[in-house]
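Undergrad: sequence isn't available, so here's the structure alone:
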């Protein structure tokens with residue numbers, strides 16, 4: 001059984017930082033493309049960042065320079081370091097894994113999902 005578990009969300013002031021973690025069991029992250037997505041109330045789920053088995057990365061335009069995705073293969077965990085957070089970053093953040101050749105940005109391309117962790121940025 002595949003299980004993805006996100007952690008690290010919380011309440012932070014604008015300009016602050018958080019590091020989200022996504023730990024996997026039942027699959028080996030290094031064999032998958034792993035993505036971080038977010039969904040704010042009333043909005044569609046959107047791509048934030050992704051990392052490929054080759055460690056190449058991709059980011060949404062709105063987070064470039066502020067967020068960094070990385071992985072620790074030994075811990076089978078993917079991280080999202082979020083700096084310079086803005087109130088607009090408030091959302092539930094989800095990690096997802098997909099057996100793909102490239103980092104795709106559509107949620108439908110991912111096969112496994114975690115249940116999410118809430119990030120709230122106050123102004």
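TA: Structure received. This one's a predicted model, so the numbers in the text were calculated from it and none came from an experiment.
Undergrad: and the strands in the chain?
TA: Per DSSP state E, the chain carries strands over the ranges 3-7, 10-13, 18-25, 33-39, 46-51, 57-59, 67-72, 77-82, 91-98, 112-113, 117-122.
Undergrad: excluding its backbone neighbours, what's nearest residue 38?
TA: Nearest non-adjacent residue to residue 38, counting by CB to CB, 6 or more residues apart in numbering: residue 91, 3.9 Å away. Any C-beta I mention is one placed from the backbone N, CA and C, and that applies to glycine too.
Undergrad: related to what we said a few turns ago, for my notes, please list the strands of the chain in a markdown table and give mean neighbour count and distance to residue 105 for each entry.
TA: Listed next are those as a markdown table, based on neighbours: other CB atoms under 10 Å; distance: least, CB to CB, whole Å:
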| stretch | mean neighbour count | distance to residue 105 |
| --- | --- | --- |
| strand 3-7 | 17 | 18 |
| strand 10-13 | 13 | 25 |
| strand 18-25 | 19 | 17 |
| strand 33-39 | 24 | 8 |
| strand 46-51 | 23 | 4 |
| strand 57-59 | 17 | 8 |
| strand 67-72 | 18 | 13 |
| strand 77-82 | 22 | 15 |
| strand 91-98 | 23 | 11 |
| strand 112-113 | 18 | 15 |
| strand 117-122 | 17 | 19 |
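Undergrad: of all the ones you listed, which lies closest to residue 106?
TA: strand 46-51 (7.6 Å; CB to CB).
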